[in-house]
Every structure is written in C-alpha cells, then in structure tokens.
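1. here is my input; please provide its structure:
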Amino acid sequence: EESYGYLVGEFVRDKDAALSAVQFAEIAAYTEANGSSIWNMLMELYEAHGCFQEELVSITLKGLEGVQQIKNMMNTLRNTPPLSLGGVKVSEVSDYQINRNVNLETELERTIDLPKSDVLQFILSDGSKISVRPSGTEPKIKFYFSLRQEFASREDYDFTASLLNARIHRIKEELLQRAQ
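-> Now for the predicted structure:
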C-alpha cells in the first residue's frame, strides 16, 4: 500500500500497531539475550547498508482551487519528471497510474503488476525513494521520503541524520517548485 507501514506476515490483514509492538519486543529480547541492544543492531545495519531516514510530508490545499493545484502538481511531475533530486540522479520513475516503470539510464520500461493508483515514485541512484500521491480522503498531496546516505560509523550518526533531514527539506522544496 502506498501509505506505507509494516505488516508482519499475512495473518493480520492491516498494519496493526499492536502486532508491530510484539515484533519489536521480540527483537529487543533477542538482542538482549545475545549481549547487544536494538541500538547496536540498528547501527550494524546502517554500517552494512547505509543510513535511512523516512518522513511523510503532507501539504494541504483547500477548496476547488486546491484540488486543481494537486492535479496540476501530479500532472507536471508525471509529464516532466525530475532528472535529479537533492543533487542525486533519478535513476527510475514508477507511475502506478499507468503501471509503468522506466529506467532513465537504460530507457528500459517494465510493467508494474499492481492495481492502478495515482502514485509516482522516484528512485534515486543512491537507493533513496520519493513517492508522491494525492490523499484519497483529504485535500492534500503527500510526499513519502525514504532517503539513504552512506554511513561510516556510529560516531557519525548525528551528522548523517542531519544530512538526511536537510536533503528531505531540499527535495521537498525542489518538488514543490517543479510542480507549480
């Protein structure tokens, strides 16, 4: 689902906070039993795969004019997708409304085998992803950020997190300027 969340298995049909809390408790018990901690496990994952920062940015545009602005923003981003965001090259664009993914480097197109939805996703060359969609129930456009940054060591965590937060802000501004 484009609104993101976490499902544990297929036996609960919704993204359930109670089930996620149980999973988190199991991870905490596992790390403690092995003389570690969730923080240490997270830092090991960052060292192996890069540091990630997730954020949802919602922009409310009220009234009929706001609905039209949101449609125009989606059309602009769909018809003229950015080639870079936050100084990082866009390598793929997925348009879930037409179920098509385009690799901008190879120009290879592939079909997305999911239900159609008014969602765009920009995959950056560093592994970051930015998804954009209008809300289905409110006069909002939503930007889902999942940004990746190389991670040298846990001593650099605060610095790396601040870089990611600054990139989210910069990319949000770029997308808003492009869409106007």
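2. my guess is residue 135 meets residue 58, correct?
-> Yes - contact status for residue 135 versus residue 58: in contact at 7.3 Å, counting by Cβ atoms under 8 Å. C-beta here means a position set from N, CA and C on the backbone, and glycine is covered the same way.
3. out of those two, which sits in the more crowded spot?
-> Set side by side, residue 135 and residue 58 show more neighbours around residue 135, with 14 against 11, by other Cβ atoms under 10 Å.
4. check contacts around the more buried one.
-> 58, 141-142 (Cβ atoms under 8 Å, 6 or more residues apart in numbering).
5. and stretch 109-127, what's buried?
-> Neighbour-count burial for stretch 109-127, counted by 16 or more other Cβ atoms under 10 Å, picks out 112, 118-124, 126-127.
6. one more: stretch 100-110?
-> 101-102, 104.
7. where in this structure is pLDDT low?
-> Flagging of the chain using pLDDT under 70 yields the residue ranges 1-7, 11-16, 179-180.
8. where do the helices sit along it?
-> Assigned by DSSP state H, the helices in the chain fall at 17-33, 38-49, 63-79, 157-179.
9. what's the longest one packed up against?
-> Same thing as helix 157-179. If you count contacts as 3 or more Cβ pairs under 8 Å, 6 or more residues apart in numbering; DSSP states H and E, helix 157-179 packs onto helix 38-49, strand 51-60, helix 63-79, strand 84-85, strand 129-134, strand 140-149.
10. and residue 9, backbone torsions?
-> With angles defined as degrees, to the nearest 10, residue 9 sits at phi 70, psi -170.
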